[in-house]
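Novice: output the structure for:
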Amino acid sequence: MTKKIVVWHDTAENDLRKELSDYIDEILSSGEESNEEDDDDDALSQGSGSLWGWGDADTVKQKPTSIYELNNFFKFKYKKKSCLSPSFYADRYHMCLRVHPNGYGKGEGSHVSVYVCLLQGVYDRMVSWPFRGEVIIELLHNSNGQPHRRVVKYGHDTPIDFSTVAKGPAKGNGCPKFISNRKLNSYRVSGTLRFHIYVMC
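Specialist: Numbering: from 1, shown residues only. Below is the predicted model of the structure:
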């Protein structure tokens, strides 16, 4: 029985990822994706300026909501492909991280772009919509230095298409200029980038 459940879960996850990948391809080709967070790459968005008052030290002490290791970074960069993290739940909200190794929009060719994508999930009727909260994305340093951090906010001014999933996966909300290519050597381990994701809602 356990093996059957595991197989079913893997199949469902693969089907979801295929559906999401097809949807993202459609959105990207239509040019409708969000470039909401156009951060200055030299000015980190720290948790101390967040809606929920989370300081920099507070974030580090918390257990990440999800951990994502992006392997074969250069392969995806040269092919100009986006990468999806395994999906996860945070306070019953279903989501994943999408990374563009070669950048997207204003960051194409010069930066790594990172977006948060809300997904349809089993608890959608039990949670409040639109989604309100913050997602802190950390790219870990390769020698125990300070992580590179951005805060993706879902506030009252966030468009419905980015904060609800009634009509399907939400459009990506995030940072086209998450980190510049010239800074990547301090965060890359061979061909791997390591992300910690913290969700506050």
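
Novice: CA only for contacts and neighbour counts going forward, please
Specialist: Noted.

Novice: ok, which stretches of the chain are helices?
Specialist: 2-30, 56-61, 73-79, 160-163 (DSSP state H).

Novice: report pLDDT for residue 190.
Specialist: On the pLDDT scale, residue 190 is placed at 89.

Novice: ok, now the one 4 residues further on?
Specialist: Reading off the per-residue confidence, residue 194 sits at a pLDDT of 97.

Novice: find the nearest non-adjacent residue to it, please.
Specialist: Distance criterion CA to CA, 6 or more residues apart in numbering; nearest residue to residue 194, sequence neighbours excluded, is residue 69 at 4.5 Å.

Novice: what distance do you get for the one you found to residue 198?
Specialist: From residue 69 across to residue 198, the span is 15 Å (CA to CA, to the nearest Å).

Novice: give me the contact list for stretch 193-201.
Specialist: When contacts are defined by CA atoms under 8 Å, 6 or more residues apart in numbering, stretch 193-201 is touched by residues 52, 59, 63-71, 73, 90-91, 131-140, 187-188.

Novice: out of those, list just those in strands.
Specialist: Of these, the ones assigned to strands by DSSP state E are 66-70, 90, 133-139.

Novice: just the buried members of those residues?
Specialist: 66, 67, 68, 70, 133, 134, 135, 136, 137, 138, 139 (16 or more other CA atoms under 10 Å).

Novice: who touches the nearest residue to residue 174 once chain neighbours are set aside in this structure?
Specialist: Excluding its sequence neighbours, the residue lying closest to residue 174 (CA to CA, 6+ apart) is residue 115, at 4.1 Å. By CA under 8 Å, 6+ apart, the contact list for residue 115 reads 97, 98, 99, 172, 173, 174, 175, 176.

Novice: re the thing from before, can you list the buried ones among the ones in strands among the contacts of stretch 193-201 in a markdown table and add pLDDT?
Specialist: Shown next, in a markdown table, are these (pLDDT from 0 to 100):
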| residue | pLDDT |
| --- | --- |
| 66 | 98 |
| 67 | 98 |
| 68 | 98 |
| 70 | 97 |
| 133 | 97 |
| 134 | 96 |
| 135 | 97 |
| 136 | 96 |
| 137 | 97 |
| 138 | 97 |
| 139 | 98 |
